[in-house]
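Trainee: Need a 3D model of the sequence below.
(chains A and B)
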Amino acid sequence: MTIPQYVCFARRESRRSLGRIILFILCIAIGVAAIVVVAGLSDGVREGVRAEGRRLMAADLTIEGRRPLPAELSGIVARFAAEEPRFGGATVERADVREFASVVLAPDKPDASRLAEIKVPEGGYPLYGQLELSPAQPLQTLLTPDSVVVAQELLTSLGLKMGDALQIGGVRFRVAGVVVREPDKLSVSFTLGPRVFLSAEGLARTALTDRGARVEYRAMLKLPPAATGDDAGRLARRIEAELPDADFFRTRIFSDAQPALRRTFDRMGRYLGLVGLLSLLVGGLGVAQVARAWLAGRMDDIAVLRCIGLTPRQVVILFTVQIVVLATLASVIGAALGVALHALTPRIIGDLLPPELIRPWQPAAIIRGMLLGLAVTLVFTLPMLIGLRRVPPVRVFRRDAEPSRDGWAAQGLAAVLILAGIWAAAAGQSESAWYGTLFTGGLIATTLCLALAALGVSRITRLLPRDSGGIRLRHGLAHLARPGAATVGAIVALGLGVTFVFATRIVERQLGDQLRSELPADAPSTFFVDIQTDQWPQLEALLKQERATGINSQPIVTARFAAVDGVPITAGREPVDPVEPAGREERSRRPPRNLTREQRITYGSELPRGNRVVSGAFPAGPAIPNGVSVEEGFARQARLSIGSTITLDVQGVPVDLKVTSLRTIDWRTFGINFFLFAEPGPLNDAPQLRVAVARLPTADLARVQTRIVSTMPNVTVIHIRDVMDKVLAVLGNISIAVRALGWFIVAAGIIVLGGAVVATQARRAREVALLKTIGMTRRDVATVFAIEYALTGTVAAVVGVAAGTLLAWAVVAQTMDLPWRMPYLDMVAGVAVTVLLAVVAGLTASARALAVRPVEVLRAT
Amino acid sequence: MNTPTAMIEVRHVTRRFPSGGRTITVLNDVSFAIDPGEFVAVMGPSGSGKSTLLALLAGLDRASEGSVLIDGEPIDALGEDRLATLRLRKIGFVFQSFHLLANFTAAENVMLPLELLGRPEPRERAMQLLARVGLADRGHHYPSQLSGGEQQRVALARAFAPAPPLLLADEPTGNLDGENSRTVVDMMLQLRRDERTTLVLVTHDPALAALAGRVIRMRDGRVVDAEPAGEAAAAGVGSVR
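Mentor: Here you go, the predicted model:
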C-alpha cells in the first residue's frame, strides 16, 4: 500500500467518530499548550533579555559598587576608546547613578512618610531606552536642585499631587514630575519602595551621604556605534584589570543583563516545564484510554479488513497513521492554544514582566511542545497499535475470538520503553538527568499508589454484600467492580492532578501563613538602619517616649577578611553570577565567596535572643581576648573552626579575632543577627553605625516614622510587615502561574474520566435500556451512575490528597524547615471538590447513554 | 474428480480447540476436494463445524492436523502476509452479518479490495458492480443507512470486485427475510455464473442447498454424506454450473 492510500483509508476509517476525536485532541492539546506556554515564556525572557539587554541595563556596560567609583575609571575608558581605530576617535559616553533607600515624608501632611528608593542620575542618563515622564520633558529639565520626580505610587500612598512638597533627608523638594516608565528597572525585581529621582545638587543639599546611608554607585557606559558586543567584554576585562580596588566593583555587560531575572526564569521554566509535562502525561493516559476503547470497537472491522486481504503490518500502519494524524492535529491545536495563552499572560500576571519580554512567537518552544505531544501519544498508544497485528481474522465467524496477548517479555519491554520515554522527556524539560530521574520515580510511585488503591476498591466492592443498602447504591458499587471497568486509568489520571494541585495549594498556603501570621508575638515590628552612633541616645529616647518595647540596638562595623590563620585572602573579583560561580576549577582556586565580600560584624557582651552556642563558649573568658562567635553554617562555608584566627581589614586597620565559639541562630525571631559576633574590645573604636529594632503598636507606625525622619533624616525605617507584604505579593504571582498549570493537570484528569465514561458508552446505553425496561426512571439510572462516579472521584481524591499532603509536607517541613500544620480543612475541601468534579464530568459524559430510548438499543442487539 | 487442479483440496483436516482445560474437536479428519467452477453447499446442524471449515479454507484459522490446498498450493505453511495476499487475490467472502466497514460508504467498501490490488479506476468498477446488484444510486450511503438486504448486496459487490476464483459464503441469507433472501441469492448466483467463480456456501436452508451442484453434509465435525455432483440436477432442480 502506498502512503496516500494509507492516509485515504485512515480518513475514511476515522469518519463519524467526532466525539472520540475531540476527546483525543483535548487530552493532548492541553498538555502541549502547557508546555508551549512555559517554554515560550522562558525562551521569550531569554531572547528578550538578549535583544533588549542594552535597554534593560540602559548601557553597554556598567560598573557598580558600594563606594564611589575611582577617578581612574574615566582615564581607562578614554584610553580604551582612543586605542581602538574602529571607533574613529568617537568617545565612550558615561552616565553615573547613585541609588539608596531613604524614608521620605510629606511635610504638609500629618504622619505621611514612606520608605523610597532614591536614584541620583548624572550625565546623559539613560544612555539607552526611554525614561518616560509626565509631563513629557527630559529628566534633566524637570530635576532642579529643589525638585524631584517620583513614582505615582509614592504620590498615591502619601496623598500628594504634582507641585506638592516632599521632604528628603530633612530638606524640602517640590514634586516636578511623575515616572511613567523607567528603562533599567524591572517590576519583577524586589524593591524596598517607590522610585524618587533626585538631582546631584539636590542630594548635596541633604546630609544623607555624609551620614552613612548605604549608597550603591554605578557608572554606565555607552560605546560608540561602531563597537561590537566583544568590545564591551574587552572593556569590562580591561577595567577589572586596571581599576584600583577592582575587587570592590562589579562589571556587567549588556549581553549578560539581568542575570538574576534570566536565572529565575530558567529555574522556573525547568520546574514549570515538568509540571507541563505532567499534564501532557496525564493526557497521554487519556489518549491511551480513548485509543483502547476506539480500537476495541474496531476489532470487527479489522477482522474484515484482514479477510479482504490486508496484512497484519498494513493493519498496524493504517491505524498508526490515524493516530499520528490525530496527534499532529492535537499538537497544532495545543501549540496555538499555548501561543494564545502566552499572549494573554500580561493580563494574567499583571506587570510582573515588562511587556517587551512577552514574545509569544517562540518557534523552538512550539516545536518542542508539538514533538512532545506527538511522542507522548505514540508512546502511550504504540503497545496497543502493535497489538492490532494479533487481531484474529476468524472473528468474522466467531465474535468472541480475542487477540492473543503479548508475552511477559513483550509487555515488560513496552513498559520499559514507556518509562524511558517519560524519563527522556522529563530530563529534556528540566535539562537535568537527575530531575528527570526524580520526576519519573515520583510518577511511578504515585501512579502505583493510585492504581493499587483503584484495584483495591474494585476488589472490596466486589466482596461487599450485595443485598444491603438501596438498589441504587448497590448498582453503583457493582458498576465500579465490574470487570474491565476503565476506572483504574481514570483514577490514576484524576489522582495525579489532585496530588499536584493540592500539594501546590498547601505549600503556598502554609508559606503564606508563615509570612502573614507566624511572626512571633515578641518579634520586632520595625528595623532602624544607618543610625549614627551619636544619634542612638536620641532615637532610643524617642522610641521609649512612643512606648516602643523590645528595643535593641547593635553596632555594625564593616570590614573585609584580610587573612585566616595568617594566610592572606586574595580577594578575587566578585563573580558576576554569585549563585552559580564559574567553573569548578575556578571555584576551588578562589577562596570561599563569603570570605571575599564585605562583612558586617557586631560586638557586645551578650548574645541576642535566639542565638545558641553549640561549641566553645561566649564569652570565652579573660584567658582568650579578642574572641569572636561565628554562625555554624557560615563557619562551615568559610572553613573556619574554633581556634581559627581571622585578620580583619577594618577600613585599612588590621584587627585580629580568634574564633572562640560556634552558634546557631533562630532566624524566625526576626531579631538583629550577625554571622560574626565579637566580644567587646578590639572593635569598640572602629568606624561604625548602629542598627536597631523595636516593637511599635501598628497604629503608631506612621507617626513614629514621620517623627524620626523629621529629626534624624538619615535613619532608614523599615517595617517588617511591608517587606513581608512585598514578599507575599511576589510569592503570590509565582504561585498563580504554578497553580494555573496545576489546573491543566486536573483538566486533563477530568477529560480522562470523561473519556473513560464515553469509552463505555455502548455498554452503558445497553444497561440504561435494560434498567429502564425493568422499570427504573431516568433519574434512578442517573443516581446509579452518579454513585459510581462519586466513588471513582473519592478514591482519586483520597489518594491524591494524601499524596499531595505528603509532598507538601516534604517541601514545607523537610526542605524549607518550617513548622508544619496538618491542613485538615483543605483536605476535606479537596476531596469534596474532586468528588463533585468527577460526578459532574461523569454525568455530562453519560448524557447520551442516559437519553437513549430502550427500544433503540434492544432492537439493535 | 480428484484432479491435481482442484480449486480446494482438504486432506485429513482436524481442528481442536482448548476449552476450559478440555480439548474440543470441532473438525475430525475431514477430507474432500472441490473443482474449479463448482458450487458446493455445506450443510449441518449448529456446532457441526461448518464455520470452522470455512475459516480453514480461507486461511483465517489453522488446522491442528492435515492440510488445505487452494488452487494446488498448500496454505498451512504460509505466513500471515502470504495468506493476506492469497485472500486478496483469490478469495471473496459473504457473511451472515454482512460485515461492511461501518465508516466506509457503500462505494468505498466495494473499492477497498480494488484499491489494495492497485487496480485502475476502482471507483468506476465499484459503481458498475453496485449497478449490477441494483444499488447504482446508493454508493455514497453508509452501511447504517442501508437495509439488511441492501447491505448484503454491497457485500456481494465487494466480494466479486477483484473477480476472485473462489467465493466463500457463510449463511448469506441467515439475517434476511424471504423477499430479500431471494434477491440476494439470485444476484449471487448470477454473478457466480458470469464470473465463473467456485462457490462454497454454508447454509441451514435446504432450499438454498438444493441449488448447489453438490452438498457436503456435516455432523459432529465429520463429513457424513458428500452427495455426488449432478444428483441435484437429476432431481430436477436445475444445474447451476
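Trainee: roughly how far apart are A:Leu683 and A:Val655?
Mentor: Computed as CB to CB, to the nearest Å, the A:Leu683 to A:Val655 distance reads 7 Å. (C-beta placed from N, C-alpha, C; glycine too.)
Trainee: To clarify, my last question referred to A:Asp725.
Mentor: 40 Å.
Trainee: between the two, which one's more packed in?
Mentor: A:Val655 (19 against 13; other CB atoms under 10 Å in any protein chain shown).
Trainee: mean confidence for stretch A:748-764?
Mentor: Across stretch A:748-764, pLDDT averages out at 74.
Trainee: Next, see if it gets close to chain B.
Mentor: No - between stretch A:748-764 and chain B, judged by CB under 8 Å from any CB of the partner chain, nothing touches; the nearest distance is 12.7 Å.
Trainee: Residue numbers of the stretch 451-600 of chain A in contact with chain B?
Mentor: Near chain B, when you scan the stretch 451-600 of chain A using CB under 8 Å from any CB, you find nothing.
Trainee: Now do the contacts for whatever residue of the stretch 401-550 of chain A ends up closest to chain B.
Mentor: Residue of the stretch 401-550 of chain A nearest chain B, by CB to the nearest CB: A:Ala401 (9.0 Å). The contact partners of A:Ala401, taken as CB atoms under 8 Å, 6 or more residues apart in numbering or on different chains, are A:Ala303, A:Pro392, A:Val394, A:Arg395.
Trainee: B:Leu60 versus that one, what's the distance?
Mentor: A:Ala401 sits 9 Å away from B:Leu60, going by CB to CB.
Trainee: which residues do those two both contact?
Mentor: Counting by CB under 8 Å, 6+ apart, the common neighbours of A:Ala401 and B:Leu60 are A:Pro392, A:Val394.
Trainee: tell me what the lengthiest helix in chain B is packed against?
Mentor: Longest helix in chain B by number of residues (criterion: DSSP state H): helix B:178-195. Using 3 or more CB pairs under 8 Å, 6 or more residues apart in numbering or on different chains; DSSP states H and E, the elements in contact with helix B:178-195 are helix B:148-160, strand B:166-170.
Trainee: Are there helices or strands packed against the shortest one, and which ones?
Mentor: The criterion is 3+ CB pairs under 8 Å, 6+ apart, and the helices and strands that strand B:166-170 contacts are helix B:50-57, strand B:91-94, helix B:178-195, strand B:198-202.
Trainee: With respect to A:Val498, which of the ones you listed lies nearest?
Mentor: Smallest distance to A:Val498 across those (CB to CB): 49.1 Å, for helix B:50-57.
Trainee: From the rest of the structure, what touches that closest one?
Mentor: For helix B:50-57, the external contacting residues (CB under 8 Å, 6+ apart) are A:394, A:397-398, B:8, B:10, B:13, B:15, B:26-27, B:30, B:42-44, B:61-63, B:68, B:70, B:168, B:170, B:200, B:202, B:218.
Trainee: So which of these are in strands?
Mentor: B:8, B:10, B:13, B:15, B:26-27, B:30, B:42-43, B:68, B:70, B:168, B:170, B:200, B:202, B:218 (DSSP state E).
Trainee: what's around the closest residue in space to B:Ala63 that isn't next to it in sequence, how many residues?
Mentor: Of all residues not flanking B:Ala63 in the chain, B:Val13 sits nearest, at 4.6 Å (CB to CB, 6 or more residues apart in numbering or on different chains). Residues within reach of B:Val13, counting by other CB under 10 Å, total 23.
Trainee: Provide the strand pairings for the longest strand along chain A, with the direction of each partner.
Mentor: When chain A is parsed with DSSP E, its longest strand is strand A:549-564. Take DSSP bridges as the rule and strand A:549-564 pairs in its sheet with strand A:567-568 (antiparallel), strand A:599-603 (antiparallel), strand A:645-650 (antiparallel), strand A:689-695 (antiparallel).
Trainee: Can you pull the residues of chain B lying near chain A?
Mentor: Proximity of chain B to chain A (CB under 8 Å from any CB) is limited to residues B:51-52, B:54-55, B:58, B:60-61, B:80-81, B:84-89, B:93, B:95, B:99-104, B:108, B:112-113, B:115-116, B:142, B:158, B:170.
Trainee: what about chain B, any weak spots by pLDDT?
Mentor: Within chain B, the stretches with pLDDT under 70 are B:1-4, B:226-241.
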